[in-house]
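*Asks:* pasting the structure only:
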């Protein structure tokens, strides 16, 4: 168990001192975001969506809900174990894509004459954190590549 904990983001040595300012982002807010994604997927499966019911059959909505839940769970595991950063990048990208697709559905298939801009804004409100994390993971990847290529030159 100690070895497993040592490989998580919550281990005291998981975040280098130079990145200490991101510790709460990586240890608290990103995993919380992943849990909200899982909760959204669970609710899509259990409760559904009136908008999606107009567009798709219930079975597809259930599968989309389970997919959203699964992507949130994959993101959580990948965020918990920093070595899985490529999985986190793919997971967050899929999550952003699914949210963007739902926003597009609300925008292009409104249930009233005009789209529900409040719901669109509330969904879009959560995107910057996921996009920031994808960006941060990309920057960390570039740093790792630069470090490994400098190490290869020595």
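*Replies:* Arrived safely. Computed from a predicted model, the values in this text were never measured in an experiment.
*Asks:* quick check: longest helix of the protein.
*Replies:* The residue-count maximum for a helix in the chain (DSSP state H) belongs to helix 127-153.
*Asks:* Which positions within that one qualify as buried?
*Replies:* Neighbour-count burial for helix 127-153 flags 129, 130, 133, 134, 136, 137 (criterion: 16 or more other CB atoms under 10 Å). Placement of C-beta: from N, CA and C, glycine included.
*Asks:* List the residues that contact the first one.
*Replies:* It refers to residue 129. 29, 30, 33 (CB atoms under 8 Å, 6 or more residues apart in numbering).
*Asks:* So which of these wins on neighbours?
*Replies:* Among the contacts of residue 129, the one with the most neighbours (other CB atoms under 10 Å) is residue 30, at 24 neighbours.
*Asks:* Where does pLDDT dip in the chain?
*Replies:* Within the chain, the stretches with pLDDT under 70 are 152-154.
*Asks:* What is the nearest of the buried residues of helix 127-153 to residue 6?
*Replies:* If you rank these by distance to residue 6 using CB to CB, residue 137 comes first, at 21.0 Å.
*Asks:* Residue 29 versus that closest one, what's the distance?
*Replies:* 15 Å (CB to CB, to the nearest Å).
*Asks:* That'll do, ta.
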